[in-house]
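> Take a look and give me a structure for this.
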Amino acid sequence: MFEFVVNIINTLGVFTSSVIGLISAVLLVYAGRLGLRAARLSAGSSQTTVVRLPLSGSTPNNLPPRNLDFTGREELLTSLHDALQSNQATSLTQAVAGLGGVGKTELALEYAHRFGGDYGLVWWLRAETPESLMTSFVELAPYLGLEADGQDETAQRNQIKTLLAQRKDWLLVFDNAEKPSDLNDFLPGGEGHVLITTRRQTWDSAHPFPIDVMTEDEAVKLLLKGKPNEDKETALALAQDLGCLPLALSHAIAYTGEAKIDFVAYRQLLANSGPKLLAKQVANKGTYEKTVATTWAISMEKLSEDAKALLTFLSFMAPEEIPLDMIKDHGEHLPSSLNEALSDGLRCTEMIRELRCYSLVSREEGREGEENLSLHRLVQEVTRHSLEEDKFDHWLTTSIKILKEALPWFPHNTYDREVAKGVDRLQNHCLTAAEMGKKNQCALEETSTLFTNIGFYRWMRADNRGAESLYKTALEVGEKALGEDHPGVAIGLSNLAQLYQDTNRLVKAEPLMERALEVDKKAFGDDHPNVARDLNNLAGLYEATNRLDKAEPLYERAVIIFVASLGEDHPNTQTVINNLAGLRAEMAARGK
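Below is the predicted model:
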C-alpha cells in the first residue's frame with residue numbers, strides 16, 4: 001500500500017508560483033495539489049367503545065376524539081376531499097401511505113371529523129391485526145339495524161358489507177393496514193368512500209395518496225401552537241432536527257411541556273440522546289402517540305434479512321438520493337447474501353419492494369436517469385441505534401470503505417465536468433459517513449481520505465472556506481489515525497498550506513510547509529521525490545514573499561533530486577527547472 005501511494009505521488013505535478021506569468025501559475029496550481037489523490041492513504045386494547053360524536057350534526061360514528069392541535073396539511077385535505085368527491089370509481093378508495101410518524105392517521109382523522117357531516121355513517125376501523133379489524137367492523141351492526149347477539153362474526157361481517165354496498169353515504173377508515181389481502185373481506189364495494197392508512201406504498205385495490213413530512217412552515221406552526229412563548233428561529237431549528245416529522249414534533253411538544261424546558265434545552269437533549277428521547281412515553285396521553293422507534297420496529301420485524309442488511313447500510317449514508325448502482329458495484333464489501341441479492345435482478349427488486357412497502361425507503365429516478373434510494377433521517381437513527389457496538393463499527397467501516405472506492409477522481413487533478421457530476425452525487429454521503437467515522441473513531445485513515453478528497457472538490461468549485469474546513473478536519477483525523485510524523489500527514493499539511501497560499505495567507509502557510517518537509521525527510525530521507533516536492537512548494541512561498549535568496553537553493557536542491565529520481569524529462573522535473581529559471585530571471589532584473 002505504501003509503495004502504491006508513493007507511486008501515485010510521483011505521478012502528480014508540483015505547485016509553482018513562478019512570476020513568469022500569472023496564467024501559467026494558475027494553471028499549474030491544479031498540478032500542485034500533490035497530496036490529493038495520494039491522500040487516499042488507506043488516505044391497543046382489542047375492545048372498541050362505540051361513541052356517538054357530533055360532526056356536522058348527528059352522524060353515527062365511532063371516531064377517536066379530534067386532535068385539537070392539528071395544524072397545517074390544508075392542501076392535502078383539500079386534495080383528498082376532491083378525490084373522494086369526484087365520484088370516479090377508481091378514486092372512491094384512497095390509500096394514505098407514508099413513513100411511520102408522518103401523520104397518516106392524524107390526516108385521516110382530521111378528514112373524518114372535518115367532512116363527516118357529508119356522510120350518513122362514519123366508521124373507524126383498527127386494521128393493525130385481523131382481530132382488531134373484525135371486532136371494530138362488526139360493531140357497525142347495530143347502526144345498520146342488525147342484531148349482533150348470537151351471530152357468527154363472519155356472517156355478520158358479510159351482512160354489513162351487503163348493506164353498505166346498497167348505500168353510498170358512508171365513510172370507512174381502515175387505520176394502520178399492513179397489506180391489501182388483510183382488507184379484501186371487509187371492503188363493501190359500491191359508492192361509499194374508503195380511507196386506508198398504511199406504511200405500504202403499493203396498494204392494488206386503492207388509489208395511492210402518498211404523504212410526506214410537514215413543510216417547515218407547518219412544522220414551526222405546530223411547535224409554536226404547542227409552546228407559543230418560544231421564538232420562531234429556535235422552533236425552525238428544532239423542526240429541522242426532527243425532520244419535520246409530525247409524530248416526533250408532537251413528542252417534542254409533550255416532552256418540553258412535561259419537563260418544563262425550552263426548545264433549546266430539548267435540542268441539546270436530542271443531540272445527546274437521539275431517538276432514545278423520542279421513545280419516552282408521556283404520561284396521560286392517548287395511544288396515538290406511539291413512539292417513533294416502536295413504529296419502525298414493527299416494520300423491521302417483517303423484513304427479510306437481506307432487506308434489513310440493506311436498510312442498515314443505507315442508514316450510514318445521507319438520507320436522500322443514495323445511488324443504487326454504487327451499492328451494487330461495491331457489493332463485495334457487503335454480507336455475501338446481500339451482495340448476491342443485489343446482483344440478482346429479481347431478488348434486488350423484491351428486497352427494495354419490501355422496504356418500500358413498509359415506507360422505510362423510497363425509490364426514485366435521479367437527475368441523470370439513475371436509480372436512487374432515500375429514507376428519512378429518523379429511520380436511519382433508529383436503525384443505527386439498534387445495532388450493537390461491534391456491528392455499528394462494522395457497518396460504518398464498510399460504508400466508509402465503499403464510498404472511498406466509489407468516489408471518482410479528476411484525471412491529473414484537473415477539473416472534469418463528468419467527474420464532477422460523479423463526485424457531486426456522492427459528496428453528501430461521503431461527508432455523512434466521514435463525520436460518523438470521526439465521531440466514533442472508526443476507519444480513521446479512510447475517513448481522513450474522504451474529508452481530503454471532498455475538500456479538493458470544494459476547492460475546485462471555488463469554495464475555499466468549505467475546502468479549508470475539510471482540510472483541517474482531514475489533518476486532525478489523519479494525525480490521530482497515522483501519527484504526527486506519517487507521510488500521509490505531510491500530504492494533509494501540504495494541502496492546507498497550498499490553500500492558505502492561494503488565499504494570500506502566507507504567514508499561516510509557511511509553518512505547515514516547513515513541517516511537511518521535515519516529516520517527509522524523516523520518513524523518506526533527503527533524496528526522495530516527496531522531499532523535492534516540499535522544497536519546491538516552500539521555495540514558491542519564499543518567492544511570493546520576496547525572499548528570493550532563500551528560494552533559490554531550495555529550487556536547486558529540488559531539481560537535483562527530481563533529475564536523479566525521475567529523470568530530466570519528467571513533468572515534475574521540468575516544472576521545477578522552469579520555476580528556478582523564472583526566479584533567476586527575476587533576481588537578474590532586480591540586480592541580484
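> Spell out the residue ranges of the strands in the stretch 351-500 of the chain.
Using DSSP state E, counting those that start in this stretch, the strands of the stretch 351-500 of the chain run over 362-365, 371-374.
> All the strands of the stretch 201-350 of the chain, residue numbers only.
Taking DSSP E, counting those that start in this stretch to define them, one finds strands in the stretch 201-350 of the chain at 207-210, 322-323.
> just the ones you listed: most buried one?
Greatest average neighbour count among the strands of the stretch 201-350 of the chain goes to strand 322-323 (a mean of 22), per mean count of other CB atoms under 10 Å. Glycine gets a C-beta too; all of them are placed from N, C-alpha and C.
> pLDDT of that strand, averaged?
For strand 322-323, mean pLDDT rounds to 94.
> now do stretch 77-84
Over the span of stretch 77-84, the pLDDT mean works out to 92.
> do the same with stretch 253-269
Averaged across stretch 253-269, pLDDT comes to 81.
> for stretch 474-481, same thing?
Here stretch 474-481 scores 93 as its mean pLDDT.
> list the buried ones in it?
Within stretch 474-481, the residues that qualify as buried by neighbour count (16 or more other CB atoms under 10 Å) are Ala474, Leu475, Val477, Gly478, Glu479, Ala481.
> my read: the second one touches Ile491, true?
No. Using CB atoms under 8 Å, Leu475 is not in contact with Ile491; the gap is 9.3 Å.
> returning to what we had before: so which of the strands of the stretch 351-500 of the chain is the most packed in?
Of all the strands of the stretch 351-500 of the chain, strand 371-374 has the most neighbours on average by mean count of other CB under 10 Å, namely a mean of 17.
> That strand pairs with which strands?
strand 322-323 (antiparallel), strand 362-365 (antiparallel) (DSSP bridges).
> can you give me how far the longest one is from the chain middle?
Using CA atoms, centre = their mean, to the nearest Å, the mean C-alpha position of strand 362-365 is found 14 Å from that of the whole chain.
> State the mean pLDDT of that strand.
Average pLDDT, strand 362-365: 82.
> can you list contacts of it?
Strand 362-365 has contacts (CB atoms under 8 Å, 6 or more residues apart in numbering) with Gln201, Glu321, Leu324, Ile352, Arg356, Glu371, Asn372, Leu373, Ser374, Leu375.
> I'd like to know how many residues surround the fourth one.
In terms of burial, Ile352 registers 20 neighbours under the definition other CB atoms under 10 Å.
> for the first one, same thing?
For Gln201, the neighbour count with other CB under 10 Å is 21.
> what do you get for the second one?
Number of residues near Glu321 (other CB under 10 Å) recorded here: 17.
> Using CSV, write out every CA atom in the lengthiest helix in the chain.
For the chain, the helix with the greatest residue count under DSSP state H is helix 417-439. Output in CSV follows, covering the C-alpha atoms of helix 417-439 (Å, rounded to 0.1, in the frame of the first residue of the first chain):
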residue,chain,number,x,y,z
ARG,A,417,-17.3,18.1,-15.7
GLU,A,418,-18.4,14.5,-15.9
VAL,A,419,-16.2,13.5,-13.0
ALA,A,420,-17.5,16.5,-11.0
LYS,A,421,-21.1,15.1,-11.6
GLY,A,422,-20.0,11.8,-10.1
VAL,A,423,-18.4,13.4,-7.1
ASP,A,424,-21.4,15.6,-6.6
ARG,A,425,-23.6,12.5,-6.4
LEU,A,426,-21.5,11.1,-3.6
GLN,A,427,-20.2,14.0,-1.6
ASN,A,428,-23.1,14.2,0.9
HIS,A,429,-22.8,10.5,1.5
CYS,A,430,-19.0,10.7,1.9
LEU,A,431,-19.3,13.6,4.4
THR,A,432,-22.1,11.9,6.4
ALA,A,433,-20.1,8.7,6.7
ALA,A,434,-16.9,10.6,7.4
GLU,A,435,-18.4,12.6,10.2
MET,A,436,-19.6,9.4,11.8
GLY,A,437,-16.2,7.9,11.4
LYS,A,438,-14.6,10.8,13.1
LYS,A,439,-17.1,10.9,15.9
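> re earlier: looking at the contacts of strand 362-365, which is nearest Thr575?
Closest approach to Thr575 among those (CB to CB): Glu321, at 39.6 Å.
> who touches that closest one in this structure?
Residues in contact with Glu321 (CB under 8 Å, 6+ apart) are Glu364, Gly366, Asn372, Ser374, Arg425, Asn428.
> can you redo the residues you listed as JSON lines with distance to Ala558?
As requested, the contacts of Glu321 are exported to JSON lines (distance: CB to CB, whole Å):
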{"residue": "Glu364", "distance to Ala558": "52"}
{"residue": "Gly366", "distance to Ala558": "46"}
{"residue": "Asn372", "distance to Ala558": "47"}
{"residue": "Ser374", "distance to Ala558": "50"}
{"residue": "Arg425", "distance to Ala558": "38"}
{"residue": "Asn428", "distance to Ala558": "39"}
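> Between those, which sits nearest Ala127?
Ala127 lies nearest to Ser374 out of the contacts of Glu321, by CB to CB, at 26.8 Å.
> thinking that closest one is in contact with Gly366, fair?
No. Using CB under 8 Å, Ser374 is not in contact with Gly366; the gap is 10.3 Å.
> Check this protein for its longest strand and report it.
strand 170-177 (DSSP state E).
> So for that strand, mean pLDDT?
In this model, strand 170-177 has an average pLDDT of 93.
> Stretch 304-317 now?
The model assigns stretch 304-317 a mean pLDDT of 96.
> Test my guess that Arg515 contacts Leu493.
Yes. The pair Arg515 / Leu493 is scored as a contact, 5.5 Å apart, by CB under 8 Å.
> that older thread, for the longest helix of the chain, which positions count as buried?
Going by neighbour count (16+ other CB under 10 Å), the buried part of helix 417-439 is 419-420, 422-423, 425-434, 436-438.
> one step back: any idea which of the strands paired with strand 371-374 gets closest to Asp82?
Distance to Asp82, taken as CB to CB, is lowest for strand 362-365 among these, at 24.4 Å.
> for stretch 133-146, which positions count as buried?
Here stretch 133-146 shows Leu133, Met134, Thr135, Ser136, Phe137, Val138, Glu139, Leu140, Ala141, Tyr143 as buried, counting by 16+ other CB under 10 Å.
> What strand or helix carries the third one?
When elements are defined using DSSP states H and E, Thr135 is found to belong to helix 130-138.
> what's the offset of that helix from the middle of its chain?
The answer for helix 130-138 is 39 Å, by CA atoms, centre = their mean.
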